[in-house]
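Kindly return the folded structure for what I paste below:
(chains A and B)
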Amino acid sequence: MSSIAGTKSGLTWAVHISVALLVALWLFPTLGLFVSSFRTADQISSSGWWASMLPSEQNRTLRTADPAAQVQQGALWVIEGNLFEGGTPATISAWGTSSRDIAAYAPGETADLGDDGRLTVEANGDYRLENDQEFSGRRGQRVFATARTPPEFTLGNYRNMLLDPSNREGMTRAFFNTLTVVIPATIIPILIAAFAAYALAWMRFPGRALLIAAVVGLLVVPLQLALIPLLKLHLAVGIGKGYLGVWLAHTGFGLPLAIYLLRNYMVGLPRDIIENAKVDGATDFQIFTRIILPLSFPALASFAIFQFLWTWNDLLVALVFLIDATGETTVMTKQIVELLGTRGGNWEILATAAFVSIAVPLAVFFAMQRYLVRGLLAGSVK
Amino acid sequence: MNPALQGLITIVVGVGGCIGYFYLSNQILDRVIFPATGEHAGRNINRANVVRPWLFLFPAIFALGLYLGYPVFETLRLSLTDRDAGGAFVGLANYSQMVSEPKFWEAMRNNMLWLIVVPAAATAFGLLAAQLTDRIAWGNVAKSLIFMPMAISFVGAAVIFKLVYDTRSADQEQIGVLNAVWLAFDGGAGSFILLRLVPALILLAFAAFMGYGIYLSLRPLIWGEAERGGGSWWTVPLRAVVALGAAWLLWLSLRSCFAVMTVALPYGQPQTWLTIPFWNNFFLMVVLIWIQTGFAMVILSAALRGIPEETIEAAVIDGASPIDIFFKIKVPQIMGTIVVVWTTITLVVLKVFDIVFAMTNGQWETQVLANYMYDKLFRANDWGVGSASAIVIMLLVSPILIWNVYNARREMR
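Below is the predicted model:
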């Protein structure tokens, strides 16, 4: 159509570029966290994550081998080796031996250190330190090098946060706690809502319209209202703070959307099938389990994803109904908030913790996006 | 007991219990209470069918009533009582205490800002993204990437954006993107254009839009057309209120436009973005806009596809420009959907808690109602004022609630 208007190519290019910009803008923050979780603490604090993709100029403090490594060659005492031994290799562009002038020499030049001998450093980090007398002292000569370091990433943060059982700040326990909250809190409301939705969609009884209106109304009731009364109730009946309480709470809070989505979907199922089944003598229970449930799979999947994302990402309900003073039942969101407070500057810990909690929902999201979109459309477009 | 095992048992017991309840109650109904045999078979079947819906509905009604219905009234009751006085009725004392606190008004002001900015920005970006991605080959990939933040928790997003806003002292390398970009501005011509001229023009455009809005809402009153367009008596005050609101926004945007052009910007100094009063609210809002844009885009894109092609073709033949087609043909046709998206995001905004809790915890004048309530309930242990602020949130939500119920009932007829 726009070809009729005669501005096709220019406009198309503008569209492509703007979409690319928009996508980049939306992806950039997440990408930053993702990349940061694979960098060491030093790397994160010495350069922005966007610089990590390219080799970076870094000022590094290195040390030659200690005097115990010296060998005698004729009249000279010599220490030889590579400055990057045991570390990441890099290319030196300038170096020095004093912190006041860290770029005093070019690679290949020789520095005269007086009584401490003469030091030659090559671009690849090979050095030769020679002296007319024997080296003394316990530590090697310090060398300040401006080095081009190739990009380097590590899995160490994940090892530390997930696999180290001695790490009190680790995410493993919180991960399994979250899982323990999420699975029952996703399955139970689906079951209850499916029966209710069937009744609201296909059974005739007085007060049906009123109930549907009530569900639509409850859809928007803020759960903030429920915090105190329900906490009081839970404490009074002996559930207290714990998994049972949080499962019940998530079930209650998820039900309106579940009933609404499932009912809207079930109403659209063909009437003939249900009436034929009735004529053939099927009971409502049979119709529901044999016909309605299998046919409603897309709607069930939509809601399951919603409820999964919502319970996995929830902080408030867990704070109020689950986590007690001991903190044994902490969930990942709470753990991250805690880390934000205590480890505000340690991005290697924060980024890794956040990404551990984000990874599962992202995987679900990309795998089941179709159902999520369908659910959204059913839930809001009228 | 191991929580994983406990969880497994709960799943089995819960799911088994649900299925067992539905199966057994139906069996009992059909076999024991109203057996479909014997002389009253016909009558019994009918009676069973009268009872059965309630069997299906009972767990849902029970859970909804207990977890959402009862708390509304209980919170209302708590907001009128004093916990320390043994739950004695104190009338509106909690409310008057609440409105005398500056923190409450700060939370109200911020919530209003959130309510205006976030739905507007998310819907606008969503509409833009939907319109742009609909026409290109890799549109679906682009869509799913913009949609992705929907899956990320508010807390995760808070961490993501804390890294973006991170600040180092001036002599260190900046690791937050925003500060790195900020330090690239040096006060030259480029800075003038990007930081003063462009925002000022955007604000002017917004002001013009508001002015047009005022004109639209007042036109029927001035020209006495109110009777013509099916307008009834209550539209007059409504129009006046809308016009007043728009006038306020117009004034605000003009004032900010002036401020943007004259304010002295601290070039070359890294900023701690989250501690700049007033403006830090916007840095928090960005997080929610980032999350909600995908939602708006998905819904609006479906609506855009539902527009009949003929209307657009007719406009093209009449020589309308793409911009005209978008604003005069497409947007009016999807207005209903835009309203739905807007109200849905408004609901999210009213309940926003995690972002503020994780990023600033209401410090530096970023308090919002939900976090204020949490503060009162669980830190100050003041259930009365906490409940009162929960009721305020409920009151703000209720117009949308009524509107939704009204629409749902109209559709069912």
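
mind listing the helices for the stretch 101-250 of chain A?
Assigned by DSSP state H, counting those that start in this stretch, the stretch 101-250 of chain A shows helices spanning A:156-158, A:172-202, A:208-218, A:227-237, A:243-267.

Just the element for residue 370, please.
No chain in the question, so chain A it is. Per DSSP states H and E: residue A:370 is located in helix A:369-380.

To clarify, I was referring to chain B.
Using DSSP H and E, residue B:370 sits within helix B:369-374.

so how far is residue A:128 from residue A:111?
From residue A:111 over to residue A:128 the distance is 11 Å, taken as CB to CB, to the nearest Å. Where you see a C-beta, it was placed from the backbone N, CA and C, and this is true even at glycine.

where do the contact lists of these two overlap?
A:119-120 (CB atoms under 8 Å, 6 or more residues apart in numbering or on different chains).

Give me the three-state assignment for the nearest residue to residue A:358 once chain neighbours are set aside.
Spatial nearest neighbour of residue A:358, excluding adjacent residues (CB to CB, 6 or more residues apart in numbering or on different chains): residue B:156 at 4.6 Å. When classified by DSSP: H, G, I helix; E, B strand; the rest coil, residue B:156 comes out as helix.

average pLDDT for the lengthiest helix in chain B?
Secondary structure assigned by DSSP state H gives helix B:102-133 as the longest helix of chain B. What helix B:102-133 shows for mean pLDDT is 87.

Residue B:80 contacts residue B:94, correct?
Yes - if you go by CB atoms under 8 Å, residue B:80 and residue B:94 touch, sitting 7.1 Å apart.

Between those two, which is the more surrounded one?
residue B:94 (25 against 19; other CB atoms under 10 Å in any protein chain shown).

gap between residue A:189 and residue A:197?
Counting by CB to CB - residue A:189 and residue A:197 are separated by 11 Å.

Need the residues touching each of these two.
By CB under 8 Å, 6+ apart, the residues touching both residue A:189 and residue A:197 are residue A:258.

For residue 171, grab the count of nearby residues.
Using chain A. There are 25 residues near residue A:171, going by other CB under 10 Å.

ah, I was thinking of chain B
As a burial measure, residue B:171 scores 6 neighbours (other CB under 10 Å).

What segments of chain A are strands?
A:56-63, A:71-73, A:76-82, A:91-96, A:110-112, A:118-121, A:126-131, A:142-149 (DSSP state E).

just checking, what packs against the fifth one?
Helices and strands in packing contact with strand A:110-112 are listed as strand A:118-121; criterion 3 or more CB pairs under 8 Å, 6 or more residues apart in numbering or on different chains; DSSP states H and E.

Run through the neighbouring helices and strands of the strand it packs on.
Against strand A:118-121 (3+ CB pairs under 8 Å, 6+ apart) you get strand A:110-112, strand A:126-131, strand A:142-149.

what comes up buried for that strand?
Neighbour counts over strand A:118-121 (16 or more other CB atoms under 10 Å in any protein chain shown) mark A:119-121 as buried.

quick revisit: minimum distance to residue B:216: which of the helices of the stretch 101-250 of chain A has it?
helix A:208-218 (30.7 Å; CB to CB).

Check whether that closest one comes near chain B.
Yes - judged by CB under 8 Å from any CB of the partner chain, helix A:208-218 and chain B are in contact via A:208-209, A:211-218.

hmm, back to that, are the helix holding residue B:370 and chain A in contact anywhere?
Yes - counting by CB under 8 Å from any CB, chain A is contacted by helix B:369-374 at B:370, B:373-374.

now do stretch B:91-98
No - using CB under 8 Å from any CB, stretch B:91-98 never reaches chain A; the gap is at least 12.7 Å.

can you give me how far that stretch is from the chain middle?
27 Å (CA atoms, centre = their mean, to the nearest Å).

and what of stretch B:371-382?
22 Å.

Please identify the buried residues of it?
Result for stretch B:371-382 [16+ other CB under 10 Å]: buried residues B:371-378, B:382.

so which residue of the stretch 301-413 of chain B comes closest to chain A?
Residue nearest to chain A within the stretch 301-413 of chain B: residue B:408 (4.3 Å; CB to the nearest CB).

Quick check: nearest residue in space to that residue, chain neighbours excluded?
residue A:216 (4.3 Å).

How about residue B:367?
residue B:107 is the one closest to residue B:367 (CB to CB, 6+ apart), at 4.3 Å.

Test my guess that the one you found contacts residue B:368.
Yes - under the criterion of CB under 8 Å, residue B:107 makes contact with residue B:368 at 5.4 Å.

Pull up the overlap in contacts between the two.
residue B:362.

Show me what from the stretch 201-350 of chain B comes close to chain A.
So far as CB under 8 Å from any CB goes, the stretch 201-350 of chain B lies against chain A at B:290, B:293-295, B:298-299, B:302-303, B:312-313, B:316-317, B:321-322, B:336-337, B:340-341, B:344, B:347, B:350.

change it to 6 Å
B:298-299, B:302, B:316, B:337, B:340, B:344, B:347 (CB under 6 Å from any CB of the partner chain).

Residue of chain B closest to chain A, please.
Nearest residue of chain B to chain A, counting by CB to the nearest CB: residue B:67, 2.5 Å away.

wait, doesn't that residue sit right on residue A:254?
No - with contact defined as CB atoms under 6 Å, residue B:67 does not count as touching residue A:254 (9.6 Å).

which non-adjacent residue is nearest residue B:343?
residue B:400 (5.2 Å).

and that neighbour, what helix or strand is that in?
Using DSSP H and E, residue B:400 falls in helix B:383-412.

for that helix, packing partners?
helix A:208-218, helix B:70-79, helix B:93-99, helix B:335-350, helix B:369-374 (3 or more CB pairs under 6 Å, 6 or more residues apart in numbering or on different chains; DSSP states H and E).

Which among those helices is found nearest to residue B:256?
That would be helix B:335-350 among those, by CB to CB, at 21.0 Å.

and the residue lying closest to residue B:211 once chain neighbours are set aside, what does it touch?
Of all residues not flanking residue B:211 in the chain, residue B:250 sits nearest, at 5.9 Å (CB to CB, 6+ apart). Residue B:250 sits next to B:207, B:210-211 when contact means CB atoms under 6 Å, 6 or more residues apart in numbering or on different chains.

If you rank the residues you listed by neighbours, which is first?
Busiest of these [other CB under 10 Å] is residue B:210, holding 21 neighbours.
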